[in-house]
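**Student:** coords please:
(3 chains)
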Amino acid sequence: MPAEPGALSLPGLDVPAAAPRRGWRPPRFPLAVIGLFVAAAMAAPLLGLPDPHAQALRDRFKPPGWQEAGSWKHPLGTDRLGRDLLSRIVWGARVSLAAGVLTVLVASAFGAAVGLTAGYYGGRVDATLMRITDATMSFPVILLALILAVTVGPSFANVVTAIAVILWARYARVIRAQVLTLMQLDFVAQARIAGAGAWRIITRHLLPNTLGTLLVLVTLQIGYVIILEASLSFLGAGIPPPTPAWGSMIAEGRDFVTSAWWVSLFPGLAILLVVLAFNLLGDWLRDTFDPKLRQL
Amino acid sequence: MSALLEVEALTKHFPVRRGLLGRATGLVRAVDGVSFTIDAGTTLGLVGESGCGKTTTSKLVLGLERPTAGAIRFQGENVLALDRAQLRRYRRAVQAVFQDPYASLDPRMRVGAIVAEPLVINERLDRAARRRRVLELLDLVSLPARAADLFPHEFSGGQRQRVAIARALALSPRLVVLDEPVSALDVSIRAQILNLLRDLQQRLGVSYLFIAHDLGAVAHMSHTIAVMYLGQIVEWGPADVVAREPRHPYTQALFAAALPIDFDTPREEVVLSGEVPSPLRPPAGCRFHPRCPHAMARCASEEPPLRPHATRQVACHLY
Amino acid sequence: MSRPVVDVRDLHTHLVTRWGTVKAVDGVSFSVGEGETLGLVGESGSGKSMTCLSLLRLVPRPAARILGGQVWLDGEDLLAKSEAEMRKIRGRRIAMILQDPMSSLNPVFSIGMQMREAVALYHGLRGRGLAARAAELLAAVRIPSPAERLRAFPHQLSGGMRQRVVGAMAIAAPPRLLIADEPTTSLDLTIQAQYLGLLEELQERHRLALVFVTHNLGIVARICDRVAVMYAGRIVEMGPVRRLFTRPAHPYSRALLESIPRLGARAARLTAIEGQPPDLARLPAGCAFAPRCPSVMDRCRVETPPETVVEAGHVTRCWLEAPGAGAPAGGRPA
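**Tutor:** Model (predicted):
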């Protein structure tokens, strides 16, 4: 194997500086969009926006600021109840992003744990866990959320639960596959020879080597979860009104698409932008860390 | 000379499972009644081609697999009857270096942590003492102290093997299993590593189980050589005796195929016919008889035992 | 002296990597005649595989480019040909056997189907004649029960058998030049012995020019007539095998030969080559071997040595051999 740049020369000769960086071009567009939404979501109370819940029936269905009938007091217009759309979108970002991130974190933690265990122990443990995983993966998320909404009532917690309870299976599969590959590598055998037990091998050797994959998967899935949440809210099984949520906002504007098009369009655009940004970021992470994941 | 490791009639069979319920439909006789000893401070070279069972043997010695039958005695104690604590001590005394320098080091850990890991798991040293020991080990393998803070990918293949050797020596083992330690390295680097291994043996008195397909390297490093074929040892004796005057027909073919680069040594061409049979269905009688140029009627029905002959042991009806 | 089958002159192939441009093949020249075997020896990064790919013009694009030189095959310059013309030459007049037989054979097609493809391409045979010729080829590479084997799939054969099948496809045409790139590295020793014997037999029967790439000097001693030792993209020594092995002129060749453990000689210590193989993206000025050379002189670090003739048919690139050489720093063993 040709010596990698930065390789030490031996013996007794001087050690050159660390390996040169590869062409590192961070993805500006996705980071900017995500950064913008995250910043806006977090700073929502401080932005001096009109109260998203404040109804002003006199001002209902005001078009966006640049239109003739609109005013810059409501830059993106108002909805059916006169609530400012821009404000609702910003506050809605809190909901969507929180739902996306929280769900994905819970699902990935659980899924990774299952995948690591199944991959490490193999045999019957693996077979059992994988059967459970397969069964889970085949259950439709929307159906589960609707059931929850009907039985327990729609809420933020229900959305996160419903999605996470099904989503972890995807992580389990991918992480298990990667663990199986890692187990073939000698350094795992070496850890055993050194006397390491299961816990040490899993946490110290296997887990750190799956973090790259996890990161990619998590990022790619946030977009998916946001869309799921929006769909659920659209169907009325997600975040209940009056909390602003992009999905329910689109639903509210459904009957007025031709007349007050902005009520549905702008929340829809927000979803589009955020999901696109997360997907692009995920692609970039995948290409940087592990091109083998390209089929995801 | 005390025997450090004694292996007697060691056997490992793997069931072949087919079908939904995983019924055993056959038996892979990976290791079938292997016996040898390794004395303290010496090297046993284990040679053979694919399917001969040398890798499985090394895994049995390392405790990574449990034998189906047979005994392993380390410093007189039966390894298979050890309790937890004693087993831990055995594990510490027997370490390994594997072939692939790119797969044997965790890419996410710094070299210092990699070398220190056996210490972390097995000993109660404080951080400073550990660091001292790590630097000591790196020095043993001629790596600079700075290496401890770098990651594996910053090293070349030969240097990584040095790291692997340093790690294997961390617990001051009595026996190190070397499984193709230089096969994946460039030819010009192999001599460096082989020299290092020999120096370490002289300095530390550690024994080696040296597995390689490069017969020249094996002959150079080993005090005794054991030749395996289809799970059994066919010849075993002092290295120069086995290498220079092999008696078993398989050993002769093997060493003839080793292709020395000396033009002056006359070489006998022994080219075997046929393929290496599968360990699933080894031939009856002497396992080598279908390919043996000297096969007799007896060889197809009677398995020859390992018998002493001309200062070594051979399993062949010719002797 | 009849014209050589292949005559490579001053071949240059560069590879663009993320660490810079690498001169994978840096002015390589050699020739091979009919029935002759040239061993191409070197370690990873020496350029031996890239040289072979350059002969076939199969260098991985767009990263690699053949920048200059000539490759004469029976009097025609391959580097001047169009891609369409090269396609007719590959397989037909030049064939190549690679190291890993599993990737050379398509796992989803039977042996017969793959051989038929090769044979049909070169001979325009069909049906029965095709199958018969395919079976003939398998028999030529000593595969038992060839007609039945045609129906087998690659995974049903052992490594040695697969390499023979690959060999059979390679000689289907038969070609003028056969390039074998480490074909026995993944084979067991006794199987390797069989395979080398087979290659010799095929070469003699078809009067092939054979280029055998390997890092194993034992194989070179066994089947090669001449050998070229490569280092960092250049040929540092080339000559008849016996001569080069007994009286190597280049310090690298010498060090390589001395570092190999020999059977039956439990010498105290192997002579190791210090240092690491070169980083092709950051080659030093002058001779690429200078950082590791036991006989290095000041001149070596500054100027690249030219090709010097040591004896008829034996050349090397070393300032020690160049006319008017100064006293070496380390001295040469007598």
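
**Student:** Any regions of the stretch 151-296 of chain A where pLDDT drops low?
**Tutor:** A:290-296 (pLDDT under 70).

**Student:** Kindly report the residues of it close to chain B.
**Tutor:** Counting by Cβ under 8 Å from any Cβ of the partner chain, the stretch 151-296 of chain A comes close to chain B at A:184-187, A:189-196, A:200, A:205, A:208-209. Backbone N, C-alpha and C define where each C-beta goes, glycine included.

**Student:** and the longest helix seen in chain A, what does it pack onto?
**Tutor:** Longest helix in chain A by number of residues (criterion: DSSP state H): helix A:85-121. On a contact count with 3 or more Cβ pairs under 8 Å, 6 or more residues apart in numbering or on different chains; DSSP states H and E, helix A:85-121 meets helix A:28-42, helix A:123-137, helix A:156-184, helix A:207-235, helix A:246-252, helix A:262-289.

**Student:** those strands in chain C, which residues are they?
**Tutor:** Counting by DSSP state E, chain C has strands at residues C:6-17, C:20-32, C:37-41, C:64-73, C:76-77, C:94-97, C:177-181, C:209-214, C:226-231, C:234-240, C:308-311, C:314-316.

**Student:** mind checking which of the ones you listed is nearest chain A?
**Tutor:** Distance to chain A, taken as Cβ to the nearest Cβ, is lowest for strand C:20-32 among the strands of chain C, at 8.7 Å.

**Student:** Neighbouring strands - and their directions - for the closest one?
**Tutor:** Strand pairing for strand C:20-32, using DSSP bridges, gives strand C:6-17 (antiparallel).

**Student:** Surely residue B:233 touches residue B:37?
**Tutor:** No: Residue B:233 is beyond contact range of residue B:37, at 11.7 Å (criterion: Cβ atoms under 8 Å).

**Student:** which one of the two has more residues nearby?
**Tutor:** The neighbour count for residue B:233 versus residue B:37, taken as other Cβ atoms under 10 Å in any protein chain shown, is higher for residue B:233 (27 against 18).

**Student:** Phi and psi next, for the more buried one.
**Tutor:** Here is the backbone geometry of residue B:233 (degrees, to the nearest 10): phi -90, psi 130.

**Student:** Which strand residues bridge it?
**Tutor:** Residue B:233 has these beta-bridge partners by DSSP bridges: residue B:228.

**Student:** ok now do the residue nearest the centre of chain A, which residues does it touch?
**Tutor:** For chain A, the residue nearest the mean C-alpha position is residue A:222 (1.3 Å; Cα atoms, centre = their mean). If a contact means Cβ atoms under 8 Å, 6 or more residues apart in numbering or on different chains, then residue A:222 has A:100, A:101, A:104, A:278 as its contacts.

**Student:** Which elements pack onto the helix or strand where residue B:115 lies?
**Tutor:** Residue B:115 is part of helix B:111-122 when elements are defined by DSSP states H and E. Helices and strands touching helix B:111-122, by 3+ Cβ pairs under 8 Å, 6+ apart, are helix B:84-93, helix B:127-140, helix B:157-169.

**Student:** what angle sits between it and helix B:84-93?
**Tutor:** Put simply, helix B:111-122 runs at 150 degrees to helix B:84-93, going by axes from the mean of the first three to the mean of the last three Cα atoms, to 10 degrees.

**Student:** Phi and psi next, for residue B:296.
**Tutor:** With angles defined as degrees, to the nearest 10, residue B:296 sits at phi -120, psi 180.

**Student:** Surely it touches residue B:317?
**Tutor:** Yes: between residue B:296 and residue B:317 there is a contact under Cβ under 8 Å: 6.2 Å.

**Student:** who's more crowded, those two?
**Tutor:** The neighbour comparison of residue B:296 against residue B:317 (other Cβ under 10 Å) goes to residue B:317, with 19 against 12.

**Student:** contacting residues for residue C:219?
**Tutor:** Residues in contact with residue C:219 (Cβ under 8 Å, 6+ apart) are B:259, C:39, C:184, C:192, C:196, C:212.

**Student:** ok, and of these, which contact chain A?
**Tutor:** Counting by Cβ under 8 Å from any Cβ, no member of the contacts of residue C:219 is near chain A.

**Student:** pLDDT and neighbour count added to those residues, as TSV?
**Tutor:** Compiled in TSV, the contacts of residue C:219 are given as follows (pLDDT from 0 to 100; neighbours: other Cβ atoms under 10 Å in any protein chain shown):
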residue	pLDDT	neighbour count
B:259	74	22
C:39	96	26
C:184	89	24
C:192	89	25
C:196	91	21
C:212	96	27
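
**Student:** quick one, the helix holding residue B:115 and helix B:127-140 angle?
**Tutor:** 120 degrees.
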